[in-house]
Structures are given as structure tokens and as C-alpha cells.
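Enquirer: Sequence first, then the predicted structure:
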Amino acid sequence: MLHSPPVRLAEVTCGYTEKQMRGPGKTREILGTRACVSAEMATFEDESSTSQSPIDLFNSQGIDITPNKDRGVCKIVKRHGKEGERPMIGDKVHVHYTGRLLNGKKFDSSFDRKEPFVLNVGKGQVIKALDIGVCSMQKGEVCLLLCKPEYAYGSAGNPPKVPPNSTLLFEVELLNFRGEELTEDGGILRRIKVKGEGYNNPNEGATVHVHLEGRCGGRLFEARDITFVVGESEDMSVPLGVDRAMEKMQKGECCLLYLKPKYGYGKEGKPEYDIGPNAELLYEVTLKDFEKAKESWEMDVNEKLEKAVLVKHKGTQYFKSGRYYHAVIQYQRIVSWLEMECGAGKEQHQAIQALLLVAHLNLALCYLRLREYSQTVENCNKVMELDSENEKALYRRGEARLLRNEFTLALMDFRQVLQVNPSNRAARCRIAICQRKIREHHERDKKIYANMFQRFAEHDAKVGRLKRKKEESSLVDQNNKAVKKP
């Protein structure tokens, strides 16, 4: 139940506005979305036009869908949806709805705003009745919900539109739903089967105890109980996607994770599981228990330095074995611990600076291998804030810029490398490549502009010919008229 009910159902609590929930842009492509209420869909007025009151109607036809069966939310299906899955906790759902009081007065409707309402179901973003109701629906289904006050706006109501202790009627259409994206690239999709306890999550370095069931193409290839350290799942042959999801889970949670190849077994596959290259995986994961690692603020500088050395070695192991994403996680931990530290004395300060420099240098190299060139440049810049003439940082930044076709900037970096170390042969080779690329680029520009100017000249010549022809034609007409005059 929302403690501070909003004016509309569509608005949310916890500091989020409706606009923030929907995300940028007003245009959405949603499978099954209707631009307006269909003629076939009966309204609540149709239901109330009969001699039977809404309460009597739900008492005779309604199904209790509350978990504890207290008839706090009852449902009547008006149109059945497609057979198949129903939304799970955390899913991103698109719905149309209309909310009314028992007297038939409308207090809110997504149709009035001419676009569906989007929410993550089961997260308390709307009143409890809607979370329960939507999770009971199938795609395309239209239903009526009768919601008692304790599942709606309670004793406070939602003035001025919803009086205190109001029982509400909702008509809801489920248009579409999809799992919750845990990464910006959409590579990990989560669907929660069983909600976890409390609000604590494992952090980086936490020890987690989980049950895993992995499937590929519908085939179960592993089922096991496993304990691993978050950020070091590779040591136990647990896919990166499962590792990254841990920080979003609570104790007792059971969820489905849909993993793209990048977050599964990648280009190599997993021969021992008979999984080929670039396979998508489905994991069912239950977080049985976990012990959190110390947060940064719980450690003093000496402890951070000791841990940073160990983590650096772990990152180097991952890098050498080609596990660049796992290596990135380790080096980022060093940065998160030390970037705001100054140290108590000169020796401590130098140790911090040295570890930060190595971490950023190694991050730059990892991102170079991963072809994330913007991140490479960013980390090289961080190194050069600590050491403006760092040869490796200059070279790696040049490499990233060369691969981004920023030939002039890359040339400047490689020339700086030679200023620091004139015997760097690799930099000399890269300078030659940059110079050749710049020449090729200029030649292409010349051809483009030459063709452009040629087309302009041809166009002008054609216009000139037409103009002269028109003038000659006009002159002939004038002469002919003059001859015909008496």
C-alpha cells in the first residue's frame, strides 16, 4: 500500500515521477497497443447499467486473487489473453487502465493521456491491488478488478478524487511485458519468480551461496549448489551474467536470468557442457544466503592498500587468461577504494598513486581488448593526470584513437611517445600508419569535392544552355510576330 497516495494511479512514490518511470520520448512501439478504447470493450457504465451492483457482481462472478485469500482483490476476466507466461516481479509492463469509484465516477485513466502506462510490476510503484492484478494476467487480457481500501488508498484515500476507505473498480488491459534489464546493453534480463527478503544485497567481494540451474536451447546442462565470491565467479565456472546479477538480488530470491553470449560463455562456448560459440543461456538462480564484504568506508587506508595488491594480482590472472570483463571488475575495485584517498604520509601517498596508476593503465588495456575505445581514452587520461609523460598511457590512447579513425589525434599521441622514448619502434610504425591514413583521407576528400564541383559545373552549364535556348526561342517568336504585322 502506498503511504502517500498520489493524485493518479500512474504516479509513483519513492521520489520518482511518472515521466521518470516512462523514460524519454512519448512515442512507443508496443505490440497490441490500441490508440483508443475499442468499440468492443465494455465500460464500467455497461456493467453498472444492470440491476446487479458491482459488489454483487464480484461476489457472484469474481475470483479472489490475493495471496492470503481475504477477497481484498477480486477479478473478472472480460477478454482472455494469449496462453503462456504471466508477468513476474520486476517485469516492465505496458498497460491501459481506467479507475472508478463504486458510483461509477472515473478518477483516473491512461486513455485520457493517450498512451499506455509503463511500470516495473511488484516493486510498489503503484497501489498493491494493481501489482497483484497485473501479475495474474496474460498478454492481451482485459479484466475488471474490485479492490478493497487496504489494497488501494486505505483510510487516507487520495483527496480530492478518492475519498477515505474507498473500494475501487479498475478495468485493466495488459498490452505487453518484458523482463527487467540489469545492464545498459540489455545483455542480462531478469524475471523474479520468488521475491527475496528485506533490502540488503550482496556487494562486490561478497561470498554468495546459490543454487544454479543452467539451460541452453531448453536443455538442462547443469544444476548445482555453489559458493563463490562476487566478482570472481570465473574461478567456479559461473557465467559473468550470473555474477553481475548478484548485486541486484536479495536473500531467498529465485529468478530467471536470460544471458546474451557476452554474459554467458561467449565466443568460446563451453565444450564440457556441449555449448557452442555465441550461445544464449537461461539460468534459474536462487540466492540462499550471503556474507557481505567490507565496504570502502569500513576499511582504513592500510587495509585498502593490502586488499588492492591482492585484487591487482587477481585482475592480472584474469587478463592473462583472456577474461577481460572479470579483470575490469578487479581493477575497478582498486579505483573505488583509493581514488578519494590521500594517505597519512608521503610513503602512503606514493603507494596509493602507484596502485591507481597501474589500475587505470590496466583498465585502458582491458577496454582496448574489448574494443571499448572511449573507456580506453578515459582511463589513459586518468593515468596522465598522475603522470603526464606516461609512455604506456600515451601509446594506448593513440591506439584507441587510431581505431576510432581519429588519425590526427592519434598521430599527436604517438609523436609524444617518441618524445618520451625515441627508441619506441612500435610508435614509429603507428606514426607511419597515421600519416598514410591522413593522406588517404585527404585524397578521398579531394575526389569527393572534385566530383561535387564537376557536378556543380555540369549543372550550371545545363542551366546556361537551357537559358540560351529559351532566349533564342523567345527571339524567334518576336521576329515571327514582327514579320506577320501589315
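Expert: Yes, it's here. Residues are numbered from 1 along each chain as shown.

Enquirer: Residue ranges in the stretch 1-150 of the chain under the pLDDT threshold?
Expert: 1-51 (pLDDT under 70).

Enquirer: hmm, try it at 90
Expert: Scanning the stretch 1-150 of the chain with the threshold set as pLDDT under 90 gives 1-56, 83-85, 123-124.

Enquirer: can you pull out the helices in it?
Expert: Counting by DSSP state H, counting those that start in this stretch, the stretch 1-150 of the chain has helices at residues 18-22, 44-48, 54-61, 128-135.

Enquirer: now do the stretch 301-450 of the chain
Expert: 301-320, 324-338, 346-369, 373-386, 391-403, 407-420, 425-484.

Enquirer: The stretch 151-300 of the chain too?
Expert: With helices called from DSSP H, counting those that start in this stretch, the stretch 151-300 of the chain shows them at 240-245.

Enquirer: in it, what spans have low per-residue confidence?
Expert: Residue ranges of the stretch 151-300 of the chain with pLDDT under 90: 198-199.

Enquirer: 70 instead?
Expert: Judged by pLDDT under 70, no stretch of the stretch 151-300 of the chain qualifies at all.

Enquirer: contacting residues for the residue nearest to residue 365 when sequence neighbours are not counted?
Expert: Distances taken as C-beta to C-beta, 6 or more residues apart in numbering put residue 396 closest to residue 365, at 6.3 Å, once the chain neighbours are dropped. Glycine gets a C-beta too; all of them are placed from N, C-alpha and C. Neighbouring residues of residue 396 by C-beta atoms under 8 Å, 6 or more residues apart in numbering: 361, 364-365, 368, 376, 380.

Enquirer: swap the cut-off to 10 Å and go again
Expert: 361, 364-365, 367-368, 376-377, 379-380, 383, 390, 413, 417 (C-beta atoms under 10 Å, 6 or more residues apart in numbering).

Enquirer: Give me the distance between residue 234 and residue 370.
Expert: Relative to residue 370, residue 234 is positioned 15 Å away (C-beta to C-beta, to the nearest Å).

Enquirer: Between these two, point out the one with more neighbours.
Expert: residue 234 (20 against 15; other C-beta atoms under 10 Å).

Enquirer: what's near enough to touch the more buried one?
Expert: The contact partners of residue 234, by C-beta under 10 Å, 6+ apart, come to 228, 240, 243, 314, 317-318, 321, 323, 325-327, 329.

Enquirer: From what I see, residue 408 and residue 414 are in contact.
Expert: No - counting by C-beta atoms under 10 Å, residue 408 does not reach residue 414; the two are 11.1 Å apart.

Enquirer: shared neighbours of those two, anything?
Expert: Counting by C-beta under 10 Å, 6+ apart, the common neighbours of residue 408 and residue 414 are 401, 434.

Enquirer: Please identify which of the two sits among more neighbours.
Expert: For residue 408 versus residue 414, neighbours defined as other C-beta under 10 Å are more numerous around residue 414 (26 against 11).

Enquirer: number of nearby residues for residue 225?
Expert: Other residues close to residue 225 by other C-beta under 10 Å number 10.

Enquirer: how far away is it from residue 247?
Expert: Distance from residue 225 to residue 247, counting by C-beta to C-beta: 20 Å.

Enquirer: again with residue 444
Expert: Distance, residue 444 to residue 247, by C-beta to C-beta: 47 Å.

Enquirer: Residue 266 contacts residue 240, correct?
Expert: Yes - taking C-beta under 10 Å as the definition, residue 266 is a contact partner of residue 240 at 8.5 Å.

Enquirer: which neighbours do the two share?
Expert: 323, 325.

Enquirer: Look at those two and report which has more neighbours.
Expert: Shown here are residue 266 and residue 240; by other C-beta under 10 Å, residue 240 has more neighbours (21 against 18).

Enquirer: so who does that one touch?
Expert: 187-188, 233-234, 259, 262-266, 323, 325-326, 329.

Enquirer: Nearest to residue 92, out of those: which one, please.
Expert: Distance to residue 92, by C-beta to C-beta, is smallest for residue 188 among these, at 13.9 Å.

Enquirer: That closest one against residue 247, yeah?
Expert: No - in this structure, residue 188 is not within contact of residue 247 by C-beta under 10 Å, at 11.3 Å.

Enquirer: quick one, which of the two is more surrounded?
Expert: Applying other C-beta under 10 Å to residue 188 and residue 247 shows that residue 188 carries more neighbours, namely 26 against 15.

Enquirer: Report the contact partners of the more buried one.
Expert: By C-beta under 10 Å, 6+ apart, the residues touching residue 188 are 179-182, 239-245, 248, 257-260, 262-264, 283.

Enquirer: who's residue 73 bridged to?
Expert: Beta bridges link residue 73 to residue 147 when assigned by DSSP bridges.

Enquirer: quick one: contacts for the residue minimising distance to the centre of the chain?
Expert: Using C-alpha atoms, centre = their mean, the residue of the chain that lies closest to the mean C-alpha position is residue 184, 3.0 Å off. Contacts for residue 184 (C-beta under 10 Å, 6+ apart) come out as none.

Enquirer: Tell me how far it lies from residue 333.
Expert: For residue 184, the distance to residue 333 equals 20 Å [C-beta to C-beta].

Enquirer: ok, now residue 304?
Expert: Per C-beta to C-beta, residue 304 is found 10 Å from residue 333.

Enquirer: Same check on residue 411?
Expert: Residue 411 sits 35 Å away from residue 333, going by C-beta to C-beta.

Enquirer: how deep is residue 313 tucked in, by neighbour count?
Expert: 10.

Enquirer: Residue 222 too?
Expert: For residue 222, the neighbour count with other C-beta under 10 Å is 17.

Enquirer: contacting residues around it?
Expert: 212-216, 237-238, 270, 272-273, 275, 283.

Enquirer: Repeat that for residue 205.
Expert: Listed by C-beta under 10 Å, 6+ apart, the contact partners of residue 205 are 229-232, 291-295, 307, 311, 329-330, 333.

Enquirer: Which pair in these has the greatest spatial separation?
Expert: Farthest pair in those, by C-beta to C-beta: 291 and 330, 19.4 Å.

Enquirer: who has more neighbours, these two?
Expert: Neighbours per residue (other C-beta under 10 Å) separate residue 291 from residue 330, with residue 330 holding more: 28 against 12.
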